[in-house]
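*Asks:* Provided below for reference: sequence and predicted model.
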Amino acid sequence: MSARIGVEDIPETSGLAPASPTLGELLKYVNEVNGDETTGHRVLEMNQMSNEPQPLPFVLAFSNLTYSVKVPSKFGIPAVLGGRNRPAALPAMAAEPVGGEKLVSRSKILLNEISGQARDGEILAVLGASGSGKSTLIDALANRISKGSLKGNITLNGDQLESRLLKVISAYVMQDDLLFPMLTVEETLMYAAEFRLPRSLSKTKKKLRVQALIDQLGLRNAAKTIIGDEGHRGVSGGERRRVSIGADIIHDPILLFLDEPTSGLDSTSAYMVVKVLQRIAQTGSIVIMSVHQPSYRLLGLLDRLLFLSRGQTVYSGSPANLPFLLRRFWPSNSGERKSYGICPRFDQRSRRFSWRNKKPSRIQQILATPEAIPTHPNHRQRNSDTWLIAYRSDKCEYITRQISLRSHQRP
Ligand SMILES: Nc1ncnc2c1ncn2[C@@H]1O[C@H](COP(=O)(O)OP(=O)(O)OP(=O)(O)O)[C@@H](O)[C@H]1O
């Protein structure tokens, strides 16, 4: 693993011990240096923690993550039960009556028993339709949801992930880029280095870190270009997004969370951003990102997929299995007004995948038994490439659709 955030005086482990520091040692170190309030992040020079530096495999595991919020909902009180004036026997959570309607709270489950894992060297992508819970899951993993309301377990290498440690070893990249328009790319990253790296780290080391990062982000040609804004021409949208990521990862975090890092970018810029994330992962970080509409090419950069629908997992695994699923479940794209497509849907014109919030139980059921589908009595093979497939929709009606394997095999 490359050098991580600079700590000159981390205690060395004993000569006989394995080369990698334990999480306990990391946490102990975090406690020891907590007196320095100059920066929220600190650089941990992993290689300095032992005589024989060896890469430390990191595994972030999460199990049964469940998160629900209380949302107000209205319902009317029938006149026969007392209508507007009925004061008694209201539900425990009822609020003030408004025009014959009561406001009560109901629980809305945003994440339902989500489990999975992410490893260093890999990108875990959270996919799903808008509102499926992608950002909520990233927030939950990044400790941005209050502990009391989130149920489940998150561990790093088997140990509970303490929020103090997480703060030091992670970075969260938001969708909005907050950058100074008149600074160049290099100045922006240098500013981030001054702000985020420890004061004790020399200027020379900070400059070296910035130069290494510029190369890692593929921004060498834009290093002297200003960020720009509406009134001043500056870097492109994709470059700007990479600068923004660079500013957040200046301390070389072990865990990197990104909420829709490709949103608003054309497919080439989006691809380059994810390519940079792949490079970051390959230097020993765990990258967890959400993505709404990945292009087919971009899917090839992802190592693990967690596909959500209405807060539930409908697919978790390697993208390698996706073509198989696509061939099975490709929705017909000819003249259908209502899509009962299972998942995902590929738009030929934009060449992007999109998803629909189908009932998770239905999708899971189908994904769990893909082999059973062609032998179902309602499925008839028309010719070697086309299946006439009928399946029960959410409303328990049979829908017939035609899936041509040949036309969709190579999107
Ligand atoms: N505080 C809240 N109260 C009620 N509902 C909420 C709250 N926060 C989020 N939600 C709902 O939870 C669902 C998941 O939201 P989330 O932002 O995680 O979705 P998403 O998959 O990231 O969507 P998008 O791709 O549009 O960003 C949405 O339906 C959203 O409206």
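*Replies:* Nice, I can see it. Residues are numbered from 1 along each chain as shown.
*Asks:* only C-alpha atoms for contact and neighbour calcs from this point on.
*Replies:* Noted.
*Asks:* near the ligand, which residues of the stretch 51-200 of the chain show up?
*Replies:* Listed as neighbours of the ligand in the stretch 51-200 of the chain under the rule C-alpha under 6 Å from any ligand atom: 69, 71, 110, 129, 130, 131, 132, 133, 134, 135, 136.
*Asks:* any chance of CSV for those, columns secondary structure, distance to residue 320 and pLDDT?
*Replies:* Output for those, formatted as CSV (DSSP: H, G, I helix; E, B strand; the rest coil; distance: C-alpha to C-alpha, whole Å; pLDDT from 0 to 100):
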residue, secondary structure, distance to residue 320, pLDDT
69, strand, 35, 88
71, strand, 39, 80
110, strand, 28, 92
129, coil, 20, 80
130, coil, 24, 80
131, coil, 25, 83
132, coil, 23, 86
133, coil, 23, 90
134, helix, 21, 91
135, helix, 24, 92
136, helix, 26, 94
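*Asks:* so what's the residue lying closest to residue 149 once chain neighbours are set aside up against?
*Replies:* Computed as C-alpha to C-alpha, 6 or more residues apart in numbering, the closest residue to residue 149 that is not its neighbour in sequence is residue 67, at 6.3 Å. Going by C-alpha atoms under 8 Å, 6 or more residues apart in numbering, residue 67 touches 109, 110, 111, 112, 149, 150, 151.
*Asks:* mind listing what residue 206 touches?
*Replies:* 190, 193, 194, 197.
*Asks:* returning to that earlier point: so which of the residues of the stretch 51-200 of the chain next to the ligand is the most crowded?
*Replies:* Neighbour counts for those (other C-alpha atoms under 10 Å) peak at residue 134, which has 29 neighbours.
*Asks:* rank the contacts of residue 67 by pLDDT and give me only the lowest.
*Replies:* Lowest pLDDT among the contacts of residue 67: residue 149, with 84.
*Asks:* counting neighbours, what do you get for that one?
*Replies:* Residue 149: 11 neighbours (other C-alpha under 10 Å).
*Asks:* isn't it up against residue 65?
*Replies:* No - Residue 149 is not in contact with residue 65 according to C-alpha atoms under 8 Å; the separation is 10.4 Å.
*Asks:* low-scoring stretches of the stretch 1-150 of the chain, by residue?
*Replies:* Applying pLDDT under 70 to the stretch 1-150 of the chain flags the ranges 1-56, 74-103.
*Asks:* name the residue of the stretch 151-300 of the chain with the shortest distance to the ligand.
*Replies:* Closest approach between the stretch 151-300 of the chain and the ligand, counting by C-alpha to the nearest ligand atom: residue 292, at 5.7 Å.
*Asks:* could I get the phi/psi values of that residue?
*Replies:* phi -90, psi -50 (degrees, to the nearest 10).
*Asks:* just the pLDDT at it, thanks.
*Replies:* pLDDT, residue 292: 78.
*Asks:* so what secondary structure elements neighbour the helix or strand where residue 114 lies?
*Replies:* For residue 114, the host element (DSSP states H and E) is strand 101-119. Helices and strands touching strand 101-119, as assessed by 3 or more C-alpha pairs under 8 Å, 6 or more residues apart in numbering; DSSP states H and E, comprise strand 59-76, helix 134-141, strand 286-291, strand 312-317.
*Asks:* run the last query once more with 10 Å
*Replies:* Strand 101-119 is packed against strand 59-76, strand 123-128, helix 134-141, strand 150-156, strand 286-291, strand 304-309, strand 312-317, with contacts defined by 3 or more C-alpha pairs under 10 Å, 6 or more residues apart in numbering; DSSP states H and E.
*Asks:* what about residue 106, how many neighbours?
*Replies:* 14.
*Asks:* ok, now how distant is it from the ligand?
*Replies:* Going from residue 106 to the ligand by C-alpha to the nearest ligand atom, to the nearest Å gives 10 Å.
*Asks:* what's across from that residue in the sheet?
*Replies:* Beta-bridge pairing for residue 106 (DSSP bridges): residue 71.
*Asks:* still on that earlier bit, export the strand holding residue 114 as PDB, just CAs?
*Replies:* Taking C-alpha atoms only, strand 101-119 is exported to PDB below (Å, rounded to 0.1, in the frame of the first residue of the first chain):
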ATOM      1  CA  GLU A 101     -58.400  14.300   9.200                       C
ATOM      2  CA  LYS A 102     -55.800  13.100  11.700                       C
ATOM      3  CA  LEU A 103     -52.100  13.300  11.300                       C
ATOM      4  CA  VAL A 104     -50.400  10.100  12.400                       C
ATOM      5  CA  SER A 105     -46.900   8.900  12.100                       C
ATOM      6  CA  ARG A 106     -46.100   5.800  10.200                       C
ATOM      7  CA  SER A 107     -42.700   4.200   9.800                       C
ATOM      8  CA  LYS A 108     -41.100   4.300   6.300                       C
ATOM      9  CA  ILE A 109     -38.400   1.800   5.800                       C
ATOM     10  CA  LEU A 110     -35.600   3.300   3.800                       C
ATOM     11  CA  LEU A 111     -33.200   0.400   4.100                       C
ATOM     12  CA  ASN A 112     -34.300  -3.100   4.800                       C
ATOM     13  CA  GLU A 113     -31.800  -5.700   6.000                       C
ATOM     14  CA  ILE A 114     -29.000  -4.700   3.600                       C
ATOM     15  CA  SER A 115     -25.900  -6.800   3.800                       C
ATOM     16  CA  GLY A 116     -22.700  -7.000   1.800                       C
ATOM     17  CA  GLN A 117     -19.000  -6.300   1.800                       C
ATOM     18  CA  ALA A 118     -16.400  -4.100   0.100                       C
ATOM     19  CA  ARG A 119     -12.700  -4.800  -0.200                       C
END
